[in-house]
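1. only geometry, no sequence info:
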């Protein structure tokens, strides 16, 4: 049972990671590399980030082109920003891989399907959400969730075992 709960926790982490890449994240709207950028670049950055029709790769391509017109200082800060984000994504992926290693096969299958969608940088947020909804509507997903105790039930069971 613990492994299935771990699967759901992993799914929550993946969704949170995805949401951090969301256009609603205020900290992502004006990252530090824009401090010295022109007002036009800042405006175009915001427009690009808020464009829900772009995938992550699409956004990155637009931003790469946008920053090319800026000073060396802005370009350098942008490259540092991209490198930091790459490392954070890699670290998160490594942690998720480690956590998913102990899942039973049914839970791992669901976990991997959702992870694949969230990490697919060619999907728009709407496309990713649609694919996640499809996964959540499968009988396999519903079975894993049905057989996973809620944290409150599991905590209660553990408390009884310790008394």
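-> The structure has been received and is ready for your questions. As the structure is a prediction and not an experimental result, all values here were calculated from the model.
2. secondary structure element holding residue 134?
-> Element membership for residue 134, per DSSP states H and E: helix 125-136.
3. quick check: buried residues in the following helix or strand past that helix?
-> Where DSSP H and E defines the elements, the next helix or strand beyond helix 125-136 is helix 139-146. In terms of neighbour count (16 or more other Cβ atoms under 10 Å), helix 139-146 has its buried residues at 141, 144. Yep, even glycine has a C-beta here, placed from its N, CA and C like the rest.
4. which elements pack onto helix 139-146?
-> helix 2-20, helix 105-119 (3 or more Cβ pairs under 8 Å, 6 or more residues apart in numbering; DSSP states H and E).
5. in the biggest helix by length in the chain, what's buried?
-> Counting by DSSP state H, the longest helix found in the chain is helix 72-100. Using 16+ other Cβ under 10 Å as the test for burial, helix 72-100 gives 74, 75, 77, 78, 81, 92, 96, 100.
6. repeat that for stretch 55-63.
-> 55, 56, 58, 59, 62, 63.
7. just stretch 114-132 next, same as before
-> 114, 115, 117, 118, 119, 123, 124, 125, 128, 131, 132.
8. re the thing from before, which secondary structure elements does the longest helix of the chain sit against?
-> Helix 72-100 is packed against helix 2-20, helix 56-67, helix 105-119, with contacts defined by 3+ Cβ pairs under 8 Å, 6+ apart.
9. the helices and strands packed on helix 139-146: lowest mean pLDDT?
-> Note on the helices and strands packed on helix 139-146: helix 2-20 shows the lowest mean pLDDT, a mean of 56.
10. starting at the chain centroid, how far to stretch 112-124?
-> 8 Å (Cα atoms, centre = their mean, to the nearest Å).
11. where does pLDDT dip in this protein?
-> 1-29, 149-163 (pLDDT under 70).
12. that older thread, dump the buried residues of stretch 55-63 to a markdown table, plus distance to residue 37.
-> Listed next are the buried residues of stretch 55-63 as a markdown table, based on distance: Cβ to Cβ, whole Å:
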| residue | distance to residue 37 |
| --- | --- |
| 55 | 23 |
| 56 | 21 |
| 58 | 20 |
| 59 | 16 |
| 62 | 14 |
| 63 | 11 |
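13. just the closest of these to residue 48, please.
-> Nearest to residue 48 among the buried residues of stretch 55-63, counting by Cβ to Cβ, is residue 62 at 4.8 Å.
14. was I right about that closest one contacting residue 49?
-> No - in this structure residue 62 lies outside contact range of residue 49 using Cβ atoms under 8 Å: 9.4 Å.
15. and the gap between residue 138 and residue 110?
-> Noted for residue 138: a distance of 8 Å to residue 110, by Cβ to Cβ, to the nearest Å.
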